[in-house]
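Q: give the three-dimensional model of this entry:
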Amino acid sequence: MAATARENDVITDDDIEPLADETARQAQRVVAAYAQDADECRMFLSMLGIGPGTAGPTKAE
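A: As a prediction, this is how the structure comes out:
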């Protein structure tokens, strides 16, 4: 049986582009709005790679 195109596609780290700071901040806000509590929010942000300190510098510096 022939493999489907989806099975042959491999995504490498070089194929993934970093998120723009504003995009990461917007995603953080959406996750925070739907999370049931702070622990769940931290877990989801970490899973998505957009947790605190991963989205770039803040404007509060």
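
Q: show residues contacting the helix or strand residue 40 falls within.
A: Per DSSP states H and E: residue 40 is located in helix 38-48. Contact with helix 38-48 is made by 27, 28, 31, 32, 35, 51, 52, as judged by Cβ atoms under 8 Å, 6 or more residues apart in numbering. In short, each C-beta sits where N, CA and C put it, glycine included.

Q: any stretches of the chain with poor pLDDT?
A: Along the chain, the parts satisfying pLDDT under 70 run over 1-8, 54-61.

Q: hang on, the earlier thing: filter the contacts of helix 38-48 to the buried ones?
A: Buried members of these, scored by 16 or more other Cβ atoms under 10 Å, are 27, 28, 31, 51.

Q: include secondary structure when you put those residues into JSON lines, please.
A: Formatted as JSON lines, these follow (DSSP: H, G, I helix; E, B strand; the rest coil):
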{"residue": "27", "secondary structure": "helix"}
{"residue": "28", "secondary structure": "helix"}
{"residue": "31", "secondary structure": "helix"}
{"residue": "51", "secondary structure": "coil"}
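
Q: quick check: phi and psi on residue 25?
A: phi -60, psi -40 (degrees, to the nearest 10).
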